[in-house]
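Trainee: Here you go, sequence then predicted model.
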Amino acid sequence: MLTLVATSPFYIFWSRAFMIESTALFFSLAYLALLLRALRAYDESRRWLLVATGLTGSLAGMIKVTTFVTFFLAGIAAIAWGWWKRRQSGNLTFHIKLFLAASALPFLITSAWTHYADSVKAKSPMTAWLTSTALTAWTFGPVGQRFHPGNYHAFGPVIDSLLGNRIVFALILLGLVFVRGRRREIAICLALWASNILIFFNLHYIHSYYAYANGIFLIAALGFLIVALYERGGGWRWAAAYMLAFCMGAFAVRFFLDFYGWQRFNGSSTGAAADVLKRVTDPEDVLLIYGLDWSPELPYLAHRRAIMNRYGFGDHPGLPFTLSHLAPRKLGAVLMCGIYRNSAAPMEDLLTRLSFGNRYATASDCDIYLPRNGPSPTASPDRVGTKAARPSSEK
């Protein structure tokens, strides 16, 4: 099963992205594994299992709750099933403790963290629309969205990238019907995979990478099907081997068709601009950036806080509000990236209002502007700016 996950084209590609999905999935898997181990042990003396389950679940929920939800529901179902099997024993103390550690604690901590994050976002008009309440409709989508058969066609390419080909998905469904031995495991995995889509339908419909949270269950269903074939013995073991080989081949073909070109392409990094900013701004300075939209790469590489203005040069109330609340920090640089480099008139008006001077340097497809009393350019604006003078505070 580990081989299938490690060689899935989808997970090979998206695991290399600088995103929180892989970290959230790691803690979610650790949470579920620890919970199931606690249920198997059924030993109240192993308090470390309860503590570890609660901590990993809490961390998973805080990192990305949409990833954790499916694992959380699976954990609650497992606890309920364990209680049902032992309901006649008369000793349910362990299940109560496990429920508190694995369900109540992650729920309360995740809720508290979400509330805190929302309170931070609500303080600025630039981010108030990103609170969980404001994004409810976007996150879940309308109920009717789930009842349009045509909407499910959008998940076909995602299934291809997870399993290599939709034929493999069809084989899983056939195995659920005709292959005995692991039907329960296959059905549970398919249910967990589908549950995340049905809960957060719009997110999965719009963003293919959201399958990182639940695609592992679809791959697990495939793994259980291969195991079921192998466990039947005789010639069925050859069928299991052939199916595994077919999947490996489908994975390889799909990776080269859909992802190899993207991974082979080395996109232009913002590292050059970050190097300039680290030299000519103070560590506590704030950057104002246009044209990089959702990407935090440049502020991260520059080790600077940043205002990523996605609203253009219009009269959005968020920018004046944010700039007026910078103290004791100050605006250290303004960057015009991509298409914003050609916005001459509105850009000049903005720079004048902010008391910023001429272009200091150009790097990583970004024009860098500094305050009028800042360092003077010592290199051509069309060059990276590696010879720029350091500010006096960092000499």
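Mentor: Noted; the coordinates are in hand.
Trainee: so who does the residue nearest the centre of the chain touch?
Mentor: Centroid-nearest residue in the chain, with C-alpha atoms, centre = their mean: E21, separated by 3.3 Å. E21 makes contact with 14, 64, 67, 209, 212-213 under the criterion C-beta atoms under 8 Å, 6 or more residues apart in numbering. Quick note: C-beta positions are derived from backbone N, CA and C, even for glycine.
Trainee: Burial check on I307, number of neighbours?
Mentor: When neighbours are defined as other C-beta atoms under 10 Å, I307 has 19 of them.
Trainee: I misspoke; the intended subject was R310.
Mentor: Counted by other C-beta under 10 Å, the residues lying close to R310 total 13.
Trainee: That one contacts D293, correct?
Mentor: Yes. Assessed by C-beta atoms under 8 Å, R310 is found in contact with D293 at 5.7 Å.
Trainee: where in the stretch 201-350 of the chain is pLDDT low?
Mentor: 266-268 (pLDDT under 70).
Trainee: so where do the strands sit in the stretch 251-395 of the chain?
Mentor: 286-290, 305-309, 331-337, 356-363, 366-371 (DSSP state E, counting those that start in this stretch).
Trainee: May I ask you to confirm that P283 is in contact with A302?
Mentor: No. With contact defined as C-beta under 8 Å, P283 does not reach A302; the gap is 9.9 Å.
Trainee: Give me the more crowded residue out of these two.
Mentor: For P283 versus A302, the count of surrounding residues by other C-beta under 10 Å is larger for A302: 26 against 12.
Trainee: domain ranges for the protein?
Mentor: 2-262, 271-394 (automatic domain parsing).
Trainee: Out of the contacts of E21, which comes closest to I219?
Mentor: Ranked by distance to I219 (C-beta to C-beta), the contacts of E21 are led by Y212 at 11.5 Å.
Trainee: neighbours around that closest one, how many?
Mentor: Neighbours of Y212 under the rule other C-beta under 10 Å: 23.
Trainee: and the gap between it and Y116?
Mentor: Going from Y212 to Y116 by C-beta to C-beta, to the nearest Å gives 25 Å.
Trainee: got a list of what L25 touches?
Mentor: L25 is in contact with 67, 212-213, 216, counting by C-beta under 8 Å, 6+ apart.
Trainee: among those, which ones are buried?
Mentor: If you count burial by 16 or more other C-beta atoms under 10 Å, the buried members of the contacts of L25 come out as 67, 212-213, 216.
Trainee: Strands - which of those land there?
Mentor: Judged by DSSP state E, strands contain none of the buried ones among the contacts of L25.
Trainee: Need those residues in CSV (columns: distance to V227).
Mentor: Below are these laid out as CSV (distance: C-beta to C-beta, whole Å):
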residue, distance to V227
T67, 26
Y212, 24
A213, 24
I216, 16
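Trainee: Show me those that map onto helices.
Mentor: Secondary structure defined by DSSP state H assigns 67, 216 of the buried ones among the contacts of L25 to helices.
Trainee: I'd like to know which of the buried ones among the contacts of L25 is nearest to L198.
Mentor: Proximity of these to L198 (C-beta to C-beta) peaks at A213, which lies at 12.9 Å.
Trainee: Isn't that closest one up against F26?
Mentor: No. Between A213 and F26 no contact is recorded; they are 11.7 Å apart, counting by C-beta under 8 Å.
Trainee: so who does the closest residue to L36 other than its chain neighbours touch?
Mentor: Among residues not flanking L36 along the chain, A78 sits closest, at 6.3 Å (C-beta to C-beta, 6 or more residues apart in numbering). By C-beta under 8 Å, 6+ apart, the contact set of A78 is 32, 35-36, 39.
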